[in-house]
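Q: Generate a structure from the sequence data that follows.
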Amino acid sequence: MKAFRLVVPGSSATSFLIYRLSGNEFGMQMPPTGTLSPEQIQIVKAWIDHVVRAGKTFNYLATGPEGLAKGRQVVVAVASGGSYDKASGWESYNYEIPYLRHILGFIGISDVTFVQAGGTMRIAQGQISSEEFMAPLLQQIKAVV
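A: Below you'll find the model as predicted:
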């Protein structure tokens, strides 16, 4: 396997994350539950290439990278068909939150709150209404904003 950095700012093509999302000969793709469409992978590539930008959201110093987006609070809502929080027992399949925490930290944002909207499949299966599903999530967001 080629040596990659997790994310190469402004160069998604050489980022290990994109290598994993695209799959590889070792079967070590992300997410492990199924492949992303080419369109979904393009969205992640665009995010890397347009949000993590040298001179705009970070600088390289002699001591290493310095994030330029310091002092901001970010609330990230992560929706998924299944639940991948600690209580579910499936937390090891949660790749989105560690990745986003890493990238936001790289550009200087450390005040990050994640609202996990896991279990959206319950809406499609008629187990819960969208209003019932959204109510506690909206409360979590209001509590931090």
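Q: Y99 - that's part of a strand, no?
A: No. Counting by DSSP: H, G, I helix; E, B strand; the rest coil, Y99 is located in no strand; its state is helix.
Q: how much space between it and I48?
A: 10 Å (C-beta to C-beta, to the nearest Å). The way it works is simple: take the backbone N, C-alpha and C, and place the C-beta from them, glycine included.
Q: And T63, by the same measure?
A: 23 Å.
Q: can you check G118 too?
A: Counting by C-beta to C-beta, the gap from G118 to I48 is 24 Å.
Q: pLDDT score for the residue positioned nearest the centre of the chain?
A: The chain has E96 as the residue nearest its centroid, 3.4 Å off, counting by C-alpha atoms, centre = their mean. pLDDT recorded at E96 is 81.
Q: State the three-state secondary structure for the nearest residue to it once chain neighbours are set aside.
A: Distance criterion C-beta to C-beta, 6 or more residues apart in numbering; nearest residue to E96, sequence neighbours excluded, is V78 at 5.2 Å. The assignment at V78 comes out as strand when based on three-state DSSP.
Q: Mind jotting down where the strands sit in the protein?
A: Ranges of strands within the chain are 58-61, 64-67, 73-80, 111-118, based on DSSP state E.
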